[in-house]
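Peer 1: Quick check, what structure comes out for this input:
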Amino acid sequence: MELLFLWLLLLILTPFLSIAFGLILSPRKFYARRRKNLPPGKMGWPIVGETIEFGSTLRKGIPEKFVADRMAKYSPDVFKTSLIGEPVAVLCGSAGHKFLSSNENKLVAVWFPPAVAKVFPSARRGAPGSPGAEHPMTGRLASDFLKPDALQSYVKVMDSIAKRHFETKWDSKEEVTVAPLAKDYTFEVACGVFLSIEDPECVASFSEPFYCLLPAILSSLVAINFPGTPLSRGIKAANKIRKTILEIIRRRKTDLMEKKSAALAKYDVLSHMLVTTNEEGNFMNEMEITEKLMILLVGGFHTTSTVITCILKGVSAAKRDGEPLNWEDIQKMKYSWNVASEVLRLTPPSQGMFRQALTDFAYAGFSIPKGWKIYCSTSSTNKNPDYFPEPEKFDPSRFEGDGPAPYTYIPFGAGPRMCPGKEYARFAILVFMYNVVGRFKWETVHPNEKILFTPFPLPEKGLPIRLLPH
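Peer 2: Numbers count the residues shown, from 1 in each chain. Alright, predicted model coming up:
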C-alpha cells in the first residue's frame, strides 16, 4: 500500500518555485553535505533538484531512463539526486533491494511526503492505523484474513461481482474503454470483500470521494491547505470517506450486538477487525478501524486497476506481434498469473520504494547521511538484461519454474514492508482475467497507444478496445 503514496514524490514543480524556495535554502548546510563522501551524482536546482527531469521521463512513458542514464554515468550501485527539495540516494539492482529489505526499521524506515501527512494525519504521527505504522493487530490481520486460504472463501464473492460487472458494463457493447471500467471493477470488489457492500448504487455513491482523493493529492504541488487548492479537495474527500466508513462501522457493531442474522453472516475485513483483539485483549477503536479500512480500500482498487488495464493491453500486443499466446492458456490460472507477472515487470504500478535514513550508514563505499531519502528503483532490475534477457520482450515464460532470482522482481515490495494485500490483488486480477477471457477476444483501437506514468502506468487514451465475443 505504501507504494501507492510514495509516488507522490514525483509531483512536477514549476521553475518559479525553484527560485522562490532557493532563496531560503541555507548555502552552508548545502555545501556541508557536499563535503561528505556522498555517492556520485548531481543534485540539480535547489528545492526542485532533478524532479523535472524525472517527471519528464514519466510523461514520455520511459520512467526507467532516468535511473538507467545515471547508473551508466555515475555508478551501477548507487547515485545521488534530489527530488522536491529532498536529497535522495538511489540504490540500484538486486543488492539495493536486498539491502533495504534487510535493514527495514534498523537503518531505514518508510517515509511519506507532506501532502500525504496532511490527508492522513496519522501517517505523520506514526499512530496505529496509519499507512506508515503497523498496528499491533495488522500482522494478524494480514496473516489471518489476507492469506490465500482465507481469501479462497471470497472467490465466489469476487466472481459474482465480476459477472455482474461484465453483464452491466461490458456485455452488448462493441467497444469499451478499459481503464475506468477496471477501476470500477476493483472498487466494487474491494467494497464487497472488505465491507460486504455489493449494491451497485451504494458502491457508486461511495466511490465518488475515493476517485477524487488521489488526483487531488497528486495535484498538490505544495502541502498548503488553502480553500480551493487540490490538497484542500483531498482533505475534504478523505473526511467524507471517514464519515461514511464510521457510519458503516457503527451500524455493523449495532447489528452484531443485536445478533442480527445478516450481520452474523458477514465475515469480511470489517467484521474481522471488530472481533479481533491484540495480545492484551484490547480491541481497535473506531477511528483506528476507519483509518485502516480507508487505506485498504484505496490500496485495494487503484493500483490493481492499473495492472488489469496493462494486462489487457499486453495480451493484445502479444497476440498482434505473434507471441505464442492463446485464450485457452490464459484461462489456466497458473499461466494467467505468469502473464500478469510479466505485465507487472514491464509496467509496475510503482517505479520504486522510498525510505528515510534513520542514521548515517555506508553503502557501496559511500556515506548516506541521516535524514536522506532512499529510493530503490524497480526498473534497475526489471529492465536489466543481466536479470531478464531481452527485457523489452513480453515473455510470460520467464516466470515458469523457479522464476526470477531473489530481489530482481519486487512488484509488491520485499521484506517486512511487503504489501500484505499481494494475494488479495492476485485473486482480484485472476478473477477478472478468467471472466474477460471467457467472454471476449479483443483488439485495441489504438495499437500504438503509449503507456504514460501519472505516476501510475496507464495507456494515454485509457485503452479503448473492440470486443469480439466468442
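
Peer 1: need the strands for the stretch 1-150 of the chain, in chain order.
Peer 2: 78-83, 86-91, 108-110 (DSSP state E, counting those that start in this stretch).

Peer 1: For the ones you listed, give me TSV that also has distance to residue 150 and mean neighbour count.
Peer 2: Every C-beta, even on glycine, is put in place using the N, C-alpha and C of the backbone. Formatted as TSV, the strands of the stretch 1-150 of the chain follow (distance: least, Cβ to Cβ, whole Å; neighbours: other Cβ atoms under 10 Å):
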stretch	distance to residue 150	mean neighbour count
strand 78-83	38	24
strand 86-91	34	24
strand 108-110	25	22
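
Peer 1: Name the stretch from those where average model confidence is lowest.
Peer 2: Across these, strand 108-110 has the smallest mean pLDDT, namely a mean of 90.

Peer 1: Could you list every helix and strand in contact with it?
Peer 2: strand 352-357 (3 or more Cβ pairs under 8 Å, 6 or more residues apart in numbering; DSSP states H and E).

Peer 1: Could you pull up the mean pLDDT of the strand it packs on?
Peer 2: Throughout strand 352-357, pLDDT has a mean value of 89.

Peer 1: same thing with stretch 184-199?
Peer 2: Rounded mean pLDDT across stretch 184-199 is 93.

Peer 1: try stretch 211-228
Peer 2: Summarised as a single mean, pLDDT over stretch 211-228 is 74.

Peer 1: Now the element after the helix or strand where residue 160 lies, going C-ward?
Peer 2: If you go by DSSP states H and E, residue 160 is part of helix 155-169. In the C-terminal direction, the helix or strand that comes right after helix 155-169 (DSSP H and E) is strand 175-177.

Peer 1: Listing partners with orientation, what would you give for that following strand?
Peer 2: Taking DSSP bridges as the criterion, strand 175-177 pairs within the sheet with strand 464-469 (antiparallel).

Peer 1: Please identify the buried residues of the partner strand?
Peer 2: Within strand 464-469, the residues scored as buried using 16 or more other Cβ atoms under 10 Å are 465, 467.

Peer 1: Not counting its own residues, what contacts that strand?
Peer 2: 170, 173-178, 312, 316, 439-446 (Cβ atoms under 8 Å, 6 or more residues apart in numbering).

Peer 1: returning to that earlier point: among the strands of the stretch 1-150 of the chain, which comes closest to residue 450?
Peer 2: Nearest to residue 450, of all the strands of the stretch 1-150 of the chain, is strand 78-83, at 23.6 Å by Cβ to Cβ.

Peer 1: Quick check: which helices or strands does the helix holding residue 160 pack against?
Peer 2: Packed against helix 155-169 by the contact rule (3+ Cβ pairs under 8 Å, 6+ apart) you find helix 178-195, helix 422-439.

Peer 1: out of the ones you listed, deepest packed?
Peer 2: Counting by mean count of other Cβ atoms under 10 Å, helix 178-195 has the highest mean neighbour count of the helices and strands packed on helix 155-169, with a mean of 23.
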